[in-house]
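Participant: Let's see this in three dimensions:
(4 chains)
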2 protein chains.
Amino acid sequence: MLRNTIQKKLVYEAVVRLNDHPTAEEIYKEVKNRHTSVSRATVYRILNQLAEQQLILRIQVPDGADSFDHTNYPHYHLQCACCRRIFDIQKIAQEDIRVCVPDTKDYRITGYSILFKGICKQCNHKNTLE
Amino acid sequence: MLRNTIQKKLVYEAVVRLNDHPTAEEIYKEVKNRHTSVSRATVYRILNQLAEQQLILRIQVPDGADSFDHTNYPHYHLQCACCRRIFDIQKIAQEDIRVCVPDTKDYRITGYSILFKGICKQCNHKNTLE
DNA sequence: CCCTTATTAAGAATATTTACTAATAAAAAT
DNA sequence: ATTTTTATTAGTAAATATTCTTAATAAGGG
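Facilitator: Below you'll find the predicted structure:
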């Protein structure tokens, strides 16, 4: 059975506190600030465990380390091609991505991970010259 | 300007030949079979270049190396939770994932990458006990 | 309180990818 | 066709990201 440890509490709280889609390394540093002895491997293992339990969400990023997100409400993510950061974007509730693939008796679809690509608000406005 | 080299031809042909979503390492080995002197770094660089040109597609996989795919026709990908392999799944043409996020003047969406999770045909049938 | 065993710290190891450098070769210019 | 320019390459080192290993610790059931 899973045990509740100080380390798990610290990692989860760090993900919630850093609500800017932190990487494992950033979470490690944040945890380290409060509890110096925590090991990097422990943070990685706990992040995997929390993602497995769906208490947090793992975001695959094409160029670099995975990001993590506190899943408080359903939303998508956008990676800015310009500044490379990850942003939340709204979800239209009634639309579900699963309607985009046909039903079948062969395979079963249980979920998906999606990352939108584009230009964020700041970079978009910055590049508009006027 | 980009140059056409033997190495690029070999890498592209290997991706087309290995139509099973090979990793960079698998592509490297396939290329190596035909042209021993090709370097691993060259294969990685060319794969990045081809993906940039959208001649091939990069598939981000949560547990391991990226996969690549010869983009002959539009389709999605499914990773089997059981055997971990990547499979093609059909796309319903008239449905577009972009309708799932609202329009806005703030950010711009130029694309997305998606990976469905589930159970593939073989694993699904194998686990059905009868 | 004791026992079982999940969890941990620390660092080594692995996996994946990119950077570096001198040599090579594609294709533009002559 | 020859020269020139510079993108590309092989080979290796290095960087990055993550997991494994091991002995020690501690959570939580009995």
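Participant: For A:A93, what is the enclosing helix or strand?
Facilitator: Per DSSP states H and E: A:A93 is located in neither a helix nor a strand.
Participant: now do A:L47
Facilitator: Assigned by DSSP H and E, A:L47 falls within helix A:40-52.
Participant: Show the pLDDT at A:P102.
Facilitator: Note for A:P102: predicted pLDDT of 82.
Participant: What does it show for phi and psi?
Facilitator: For A:P102, the backbone dihedrals are phi -70, psi 150 (criterion: degrees, to the nearest 10).
Participant: A:G111 too?
Facilitator: phi 180, psi -170.
Participant: right, and it touches B:I114 too?
Facilitator: No. Assessed by CB atoms under 8 Å, A:G111 is found out of contact with B:I114, at 10.9 Å. To be clear about C-beta, it is placed using only N, CA and C from the backbone, and glycine gets the same treatment.
Participant: So for those two, which sits in the more crowded spot?
Facilitator: B:I114 (17 against 12; other CB atoms under 10 Å in any protein chain shown).
Participant: where does the more buried one fall, helix, sheet strand or coil?
Facilitator: strand (DSSP: H, G, I helix; E, B strand; the rest coil).
Participant: How about the contacts made by it?
Facilitator: The contact partners of B:I114, taken as CB atoms under 8 Å, 6 or more residues apart in numbering or on different chains, are A:I97, A:Y112, A:S113, A:I114, A:L115, B:Y76, B:H77, B:I97.
Participant: Would you mind putting those into JSON lines with pLDDT and distance to B:R34 alongside?
Facilitator: Converted to JSON lines, these look like this (pLDDT from 0 to 100; distance: CB to CB, whole Å):
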{"residue": "A:I97", "pLDDT": "85", "distance to B:R34": "40"}
{"residue": "A:Y112", "pLDDT": "90", "distance to B:R34": "36"}
{"residue": "A:S113", "pLDDT": "90", "distance to B:R34": "35"}
{"residue": "A:I114", "pLDDT": "91", "distance to B:R34": "36"}
{"residue": "A:L115", "pLDDT": "92", "distance to B:R34": "35"}
{"residue": "B:Y76", "pLDDT": "93", "distance to B:R34": "31"}
{"residue": "B:H77", "pLDDT": "94", "distance to B:R34": "27"}
{"residue": "B:I97", "pLDDT": "85", "distance to B:R34": "38"}
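Participant: if I look at A:G111 and B:I114, which residues touch both of them?
Facilitator: Contacts common to A:G111 and B:I114, judged by CB under 8 Å, 6+ apart, are absent.
Participant: how many neighbours does the closest residue to A:R40 other than its chain neighbours have?
Facilitator: In this structure, A:R40 finds its nearest non-sequential neighbour in A:Y28, 5.3 Å apart by CB to CB, 6 or more residues apart in numbering or on different chains. A:Y28: 21 surrounding residues under other CB under 10 Å.
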